[in-house]
Each structure stands twice: as C-alpha cells, then as structure tokens.
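K.L.:
For reference, the sequence and a predicted model appear below.
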Amino acid sequence: MSEFDVLCIGNAIVDIIARAEDDFLHENTIIKGAMNLIDADRAELLYDRMGPAVETSGGSAGNTAAGVASLGGAAAFFGKVADDHLGGIYRHDIRAQGVAFDTKPLAGPPPTARSMIFVTPDGERSMNTYLGACVELGPEDIEEDKVAGSKVTFFEGYLWDPPRAKDAIRMAAEIAHANGRKMSMTLSDPFCVDRYRDDFLDLMRSGTVDIVFANEEEAKALYQTGDFETALEAMRADCDIAVVTRSEKGSIAMTSRETASVSAFEIDTLVDTTGAGDLYAAGFLWGYTQDRSLEDCAHLGSLAASVVIQQIGPRPQVSLRQAAIDAGLLKG
C-alpha cells in the first residue's frame, strides 16, 4: 500500500495570472475577490483582454499538495486534466514538485481547465475559471490504495460544482474512514458556501469530514451571521477540528476542548494573495500528520501562507521546509 501524509483532491487548473486595476474588474464585470465560473467563450474574451501574464499550474487542492511536498511531506493528488498541451504542463509541474499524480487524462474534449486571475494593487485576486476537463472527475478516478494509505484526504469545496465529483468525494470518505484515516475540506470561498451551504453542513455534522478550513467571511457565510464569534462556536460544534484564517489577524484552530490562536507572520511585501489559504492548509495538515500540537500546526500554516503571498503564483518557489527551519518551527 502506498503511504502518504496528505492526499489532495481538486480541480486541476492552469492559472494565468496578470496584474489589473480595479477599473478593469468593473469594466469587465468581474466580482473582486471571488472565484467566478465562466464558459469557454468568456474565457477566450478575458484572455484576449488581459495584460502580460504568468502561466502556472494551480487549483486549490493541487496547491495544497505542492505545499505539503515542499515541507518534506509525502503528497498525492487526484484531479482531471485533458490529454492536451495545458494538461501536459499541469502533469509536469505537479510531479516536478514531488507530488504523486497518476489520474488518467481525458482523451477528448473538454480541454484542460484554466483560470484567469487578476491581481489588483492591494494583492487581492479575482479568479475567472473555466472548469473544462475538471467536470469529468468521478468515482473511477479514486485510487483506493492511495486513499487507504493517506493519513489525511483533503478536498476543496469547489469540487461541489462539477456534479460527478461529489460521488467521488463520498467514496473517498468511506475508504478513508474504513482505514482509520481522516477527511478534510476547505470551504473555498463565500460564494461557494452560498451555493452549497446545506451540503457542507451535512458533510460536517454527519462526520463525513473531520477537519474543516475556512476564512472569516466563509465561516460567517456558512452560518449566515455577521458575528464572527457566533460563527466560530457553531463551527467548533460541527466538526472535530475547525480552522479559521483571518489574513493579517492570524488564525484560530479549535477542537471541542482546545483553542489555539496564532498571529500572522510578518512579511516584507504583499505581492499576490493567490494560494494563501491553500498553503495555510498545507502547513497545518502536514503538521497534523506529524503529530504536532494544534498551535504548532497553526504556526506552520501561517508560515506557509506568508511565503506564498510574497511571490506571484500559488505554489512555493522556495523550500517551505527550509523556511520553517529558519523560523524555528522545525529542526534542521
């Protein structure tokens, strides 16, 4: 049986990242700070209008897998690409970062997914995603041995958009729990929460998911409250481990018996917030699989997020393990 620290399941997306002014978002009816699902025609239109761009393999859960590997963890990924040029780029990139990726590519259309990401001067990212081949991820793509051999299986809330992926996730949860493993998810963004609030709450309350990640806005959206403390306590009651990130305010990790509040790491320059939550999850989950304390896990998550927001692109360009050693979180 394969042995992994974290197996990530998500939309395999090539990110196309460009800088833009707020006026550009307004002129092109782009919702700032959200993940906007678009069709192929809209994808072509925005690509034609965007300025100089950087292409990099992305997707929320894929970023998390890359972060786990950068920390020295054993990481695997399930996600659907097409057998096309962008699909080849995606496979190469994630494997080169040390992540096991063996999902069979799609032979025909639709093409590999891509996301046009516009980064405004405040570092906020607005994503416009054409899911393409991602919608074909299904139960047949769940490799039972990898799920059974992974300490934690983590998936992104965005997977609730492609219809067959829900069955794949439920199948993975059954395998994981049958083998004494844990399931984890991220709520992904407030608009995703609005679309699938009842489903997400059921996943938590039924025990299908053990560890849940959210940012402050997602947590409040989940419980339809403007009061952060109300959302925190509700989330604590609904899952084994609840983790809420608060950007520069730090993060809070909770169980029914324990609360760990940690500060954000200081940074030199905020460049691009793309991938911040994904890398936070990577640091936290890797720490969890190494039996670190709740507070240590939160510190590792905060560190990983602080590294990625000081660069363009959602995958670490320096060793997160070395960064953790330099910060005194790991021994050299």
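P.N.:
Arrived safely.
K.L.:
and the gap between the residue nearest to the spatial centre of the chain and D23?
P.N.:
The centre of the chain sits closest to S60, judged by CA atoms, centre = their mean, with a distance of 3.1 Å. Note on S60: its distance to D23, by CB to CB, to the nearest Å, is 28 Å. (Glycine included, C-beta is placed from N, CA and C.)
K.L.:
related to what we said a few turns ago, just give the closest residue to the residue nearest to the centre of the chain, not the sequence neighbours.
P.N.:
Spatial nearest neighbour of S60, chain neighbours left out: E156 (4.1 Å); criterion: CB to CB, 6 or more residues apart in numbering.
K.L.:
Show me what stretch 319-332 is in contact with.
P.N.:
Here stretch 319-332 makes contact (CB atoms under 8 Å, 6 or more residues apart in numbering) with 67, 70-72, 265, 279, 282-283, 296, 299-300, 303-304, 307.
K.L.:
let me redo that: stretch 117-124
P.N.:
15-22, 24-25, 30, 32-33, 50, 58, 125-128, 270-274, 309, 312.
K.L.:
and those residues, which are buried?
P.N.:
15-20, 24-25, 30, 33, 50, 58, 125-128, 270, 272-274, 309, 312 (16 or more other CB atoms under 10 Å).
K.L.:
pretty sure I309 contacts D272?
P.N.:
Yes - the criterion here is CB atoms under 8 Å, and I309 meets it with D272 at 6.5 Å.
K.L.:
How are the strands of the stretch 101-250 of the chain distributed by residue range?
P.N.:
For the stretch 101-250 of the chain, the strands defined by DSSP state E, counting those that start in this stretch occupy 113-119, 125-130, 150-156, 182-186, 211-215, 241-245.
K.L.:
partners of the third one in the sheet?
P.N.:
In other words, strand 150-156. If you go by DSSP bridges, strand 150-156 pairs up with strand 4-9 (parallel), strand 182-186 (parallel).
K.L.:
again, but for the first one
P.N.:
According to DSSP bridges, the neighbouring strands of strand 113-119, each with its direction, are strand 13-19 (parallel), strand 125-130 (antiparallel).
K.L.:
Could you export those as CSV, including distance to I175 and mean pLDDT?
P.N.:
Output for the strands paired with strand 113-119, formatted as CSV (distance: least, CB to CB, whole Å; pLDDT from 0 to 100):
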stretch, distance to I175, mean pLDDT
strand 13-19, 25, 90
strand 125-130, 28, 91
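K.L.:
now those as CSV including distance to A168?
P.N.:
Formatted as CSV, the strands paired with strand 113-119 follow (distance: least, CB to CB, whole Å):
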stretch, distance to A168
strand 13-19, 17
strand 125-130, 19
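K.L.:
Go through these and name the closest to R170.
P.N.:
Nearest to R170 among these is strand 13-19 (22.4 Å), distances taken as CB to CB.
K.L.:
mind checking which of the strands of the stretch 101-250 of the chain is nearest L37?
P.N.:
Going by CB to CB, the one of the strands of the stretch 101-250 of the chain nearest L37 is strand 125-130, 5.8 Å.
K.L.:
who touches that closest one?
P.N.:
Applying CB under 8 Å, 6+ apart, the contact partners of strand 125-130 are 11, 13, 17, 20, 25, 30-40, 42-43, 46, 113-120, 272-274.
K.L.:
May I see the PyMOL selection of the buried members of these?
P.N.:
Buried residues within the contacts of strand 125-130, by 16+ other CB under 10 Å, are selected in PyMOL with:
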select buried, resi 11+13+17+20+25+30+33+35+36+37+38+43+46+113+114+115+116+117+118+119+120+272+273+274
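K.L.:
Show me the contacts of strand 125-130 that map onto helices.
P.N.:
Judged by DSSP state H, helices contain the following of the contacts of strand 125-130: 25, 40, 42-43, 46.
K.L.:
Let's have the residues you listed in a markdown table, adding distance to V152 and pLDDT.
P.N.:
Below are those laid out as a markdown table (distance: CB to CB, whole Å; pLDDT from 0 to 100):
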| residue | distance to V152 | pLDDT |
| --- | --- | --- |
| L25 | 36 | 95 |
| A40 | 35 | 86 |
| R42 | 35 | 93 |
| A43 | 33 | 90 |
| L46 | 35 | 93 |
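K.L.:
could you point out where the stretch 51-200 of the chain is predicted with low confidence?
P.N.:
Regions of the stretch 51-200 of the chain meeting the criterion pLDDT under 70 are absent.
K.L.:
ok, which stretches of it are helices?
P.N.:
Secondary structure of the stretch 51-200 of the chain (DSSP state H, counting those that start in this stretch): helices at 60-70, 85-96, 144-148, 165-178, 190-205.
K.L.:
just the CA coordinates of the first one, formatted as PDB?
P.N.:
Yep, that's helix 60-70 we're talking about. Extracted in PDB, the C-alpha atoms of helix 60-70 (Å, rounded to 0.1, in the frame of the first residue of the first chain):
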ATOM      1  CA  SER A  60      -6.700  25.000  -4.700                       C
ATOM      2  CA  ALA A  61      -6.100  21.400  -3.700                       C
ATOM      3  CA  GLY A  62      -3.200  21.000  -6.100                       C
ATOM      4  CA  ASN A  63      -1.500  24.000  -4.400                       C
ATOM      5  CA  THR A  64      -2.000  22.300  -1.100                       C
ATOM      6  CA  ALA A  65      -0.400  19.100  -2.300                       C
ATOM      7  CA  ALA A  66       2.600  21.100  -3.600                       C
ATOM      8  CA  GLY A  67       2.900  22.800  -0.200                       C
ATOM      9  CA  VAL A  68       2.900  19.600   1.700                       C
ATOM     10  CA  ALA A  69       5.700  18.300  -0.600                       C
ATOM     11  CA  SER A  70       7.700  21.500  -0.100                       C
END
